[in-house]
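Participant: Mind looking at a prediction? Sequence and model below.
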Amino acid sequence: MARVYNFNAGPAVLPLEVLEEARDQFVEYKSSGMSLMESSHRGKEYDAVHSEALANYRKLFNCSDDYAICFIAGGASMQFAMIPLNLLGAGQTADYVNSGAWASKAAKEAQLIGKVNIAANTGKDIPTKVPAARDLKLTKGAAYVHITSNETISGAQWKTFPKTESPLVADMSSDILSRPFEIGQFALVYAGAQKNLGPSGIALVVMRKDLAERAPANLPTILKYKTFIEENSLYNTPPCFSIYIMMLVSRWLLKNGLENIHRRNREKAAKIYAAIDAGFYKGTAVPECRSDMNITFRLPSEALEEQFVKEASKQGLKGLKGHRSVGGIRASVYNALPPEGVDALVCFMRDFARQNG
Ligand code: PMP
């Protein structure tokens, strides 16, 4: 087996031990005579998986009973719609902070449903950044304030979160559980699973239960947060296998500890930023907003960027091409990307600069 170092932005690298455990249980799950994929979502095997996933994520977010954990199909994009559908009442305004491509997509969805105030806009700034909390023009009595904790494409990350009077909602798709944080400052956080949590097509939602009461009565049942909360994310047949992988990842996170994971993430990111700052490369985000998850940089020319991606790939360093909308290089170094992968990348960056600088 030759696993590469996978710098993909998402779907992205998963912990090897998670994949191995899933492989070992793939055809026959825990002596049940069938795969978990073939098992009833109301049966005892899946029930144990589902309950452990809910309990582990509750532990990881250290949240009180005022919060619910939900697994909702449709990824983060479904949340772009569900949030305003449930929380943005008629005549109300929602504040959206536009910090880049993903924040902008979230705001556009909300505009289809209700009134949106763009509280700040750094979406097209180069170098890329998130706004300063003091620059937010918030609406008094806003239904909620939406931020994107980490812009996956531009590589800009909130380092501390703004304090807002209205409920704070965060798209944490690309940095969820990469660092400890106080869930109490948020009314709702959500993340598409395919970066730090598991397979694509599903979102983890952690939300204050009282917010779910806001949904209009005629909102379809499957779109109401209240349904997911009351039915423990088992109203419909959930994406059982994806939740199983997310459960295994939650075990891995608990075993490693969020503080350790955070320290490791910072060390990994610091090594790559040091290689960038050594010259030849140019970081894309302003230093105080540099993401620890998606590290974006440019080379002196697009031709060199293409060559960089090609040569890196030959050395088993995959997925370094920047998003097609912005170009450049992006190294996504999520929780499961091993430090050895970062060392190999840094080595490659030094050699490449020496040969082409
Ligand atoms: N938000 C952010 C920050 C993302 O990075 C992504 C996907 N890359 C999304 C939302 C959309 O996620 P999904 O494809 O799961 O809908």
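Facilitator: Nice, I can see it. Residues are numbered from 1 along each chain as shown.

Participant: which of the residues in the longest helix anywhere in the chain are buried?
Facilitator: Ordering each helix of the chain by length in residues (DSSP state H) puts helix 258-277 first. Buried positions in helix 258-277, judged by neighbour count with 16 or more other C-beta atoms under 10 Å: Leu258, Ile261, His262, Arg264, Asn265, Lys268, Ala269, Lys271, Ile272, Tyr273, Ala275, Ile276. (Each C-beta comes from the backbone N, C-alpha and C, glycine too.)

Participant: Ok, stretch 311-322 next?
Facilitator: Counting neighbours by 16+ other C-beta under 10 Å, the buried set in stretch 311-322 is Ala312, Leu317, Lys318, Gly319, Leu320, Lys321, Gly322.

Participant: phi, psi of the third one?
Facilitator: What it means is Lys318. Backbone dihedrals for Lys318, given as degrees, to the nearest 10, come out at phi -110, psi 150.

Participant: now do the second one
Facilitator: Backbone torsions of Leu317, given as degrees, to the nearest 10, read phi -110, psi 100.

Participant: ok, now which ones touch it?
Facilitator: Residues counted as contacts of Leu317 (C-beta atoms under 8 Å, 6 or more residues apart in numbering) are Val4, Tyr5, Phe7, Gly341, Ala344, Leu345, Phe348.

Participant: Excluding chain neighbours, what is closest to the fourth one?
Facilitator: Put plainly, it is Gly341. Of all residues beyond its chain neighbours, the one nearest Gly341 is Tyr5 (3.5 Å), with distances taken as C-beta to C-beta, 6 or more residues apart in numbering.

Participant: cool, Arg3 as well?
Facilitator: Leaving out its chain neighbours, the residue that sits closest to Arg3 by C-beta to C-beta, 6+ apart is Leu16, at 7.1 Å.

Participant: And the contacts of Leu317, which of them are buried?
Facilitator: For those, burial is judged from neighbour counts taken by 16+ other C-beta under 10 Å, and it is met by Tyr5, Phe7, Gly341, Ala344, Leu345, Phe348.

Participant: Go through the helix or strand harbouring the fourth one and flag the buried ones.
Facilitator: Take DSSP states H and E as the rule and Ala344 turns out to sit in helix 339-356. Within helix 339-356, the residues that qualify as buried are Gly341, Val342, Ala344, Leu345, Val346, Phe348, Met349, Phe352, Ala353, counting by 16+ other C-beta under 10 Å.

Participant: Would you mind listing the residues in contact with the last one?
Facilitator: When contacts are counted by C-beta under 8 Å, 6+ apart, Ala353 is found next to Ala278, Gly279, Phe280, Tyr281.

Participant: give me the number of residues near the last one?
Facilitator: To tie it back to what came earlier, the one meant is Tyr281. A count of nearby residues for Tyr281, using other C-beta atoms under 10 Å, gives 22.

Participant: Hmm, Thr296 and it touching each other?
Facilitator: No: in this structure, Tyr281 sits apart from Thr296 without contact. The criterion is C-beta atoms under 8 Å, and the distance is 10.4 Å.

Participant: so what sits against both of the two?
Facilitator: Jointly contacting Tyr281 and Thr296 under the rule C-beta under 8 Å, 6+ apart are Ile329.

Participant: tell me the secondary structure for Ser174?
Facilitator: Secondary structure assignment for Ser174 (DSSP: H, G, I helix; E, B strand; the rest coil): coil.

Participant: what do you get for Val189?
Facilitator: strand.

Participant: Give me the neighbour count for His41.
Facilitator: Using other C-beta under 10 Å as the criterion, the residues surrounding His41 number 17.

Participant: phi, psi of it?
Facilitator: Its backbone dihedrals place His41 at phi -70, psi -10, with angles given as degrees, to the nearest 10.

Participant: Contacts only, for it.
Facilitator: The contact partners of His41, by C-beta under 8 Å, 6+ apart, come to His50, Leu234, Thr237, Pro238, Cys240.

Participant: Skip the chain neighbours and tell me the closest residue to the residue in the stretch 101-250 of the chain that the ligand sits nearest to.
Facilitator: Across the stretch 101-250 of the chain, no residue is closer to the ligand than Gly192, which sits at 2.8 Å (C-beta to the nearest ligand atom). In space, not counting the residues next to it along the chain, Gly192 is nearest to Ala76; the distance is 3.5 Å by C-beta to C-beta, 6+ apart.

Participant: Who are the contact partners of that neighbour?
Facilitator: Applying C-beta under 8 Å, 6+ apart to Ala76 gives the contacts Trp102, Asp171, Ser173, Tyr190, Ala191, Gly192, Ala203.

Participant: Which positions in the stretch 101-250 of the chain make contact with the ligand?
Facilitator: Residues of the stretch 101-250 of the chain that fall close to the ligand, judged by C-beta under 6 Å from any ligand atom: Trp102, Thr148, Thr152, Asp171, Ser173, Ser174, Gly192, Ser200.

Participant: switch to 8 Å and redo it
Facilitator: Among all residues of the stretch 101-250 of the chain, those adjacent to the ligand (criterion: C-beta under 8 Å from any ligand atom) are 102-103, 105-106, 148-153, 171-174, 191-195, 200-201, 203.

Participant: Nice, that's everything, thank you.
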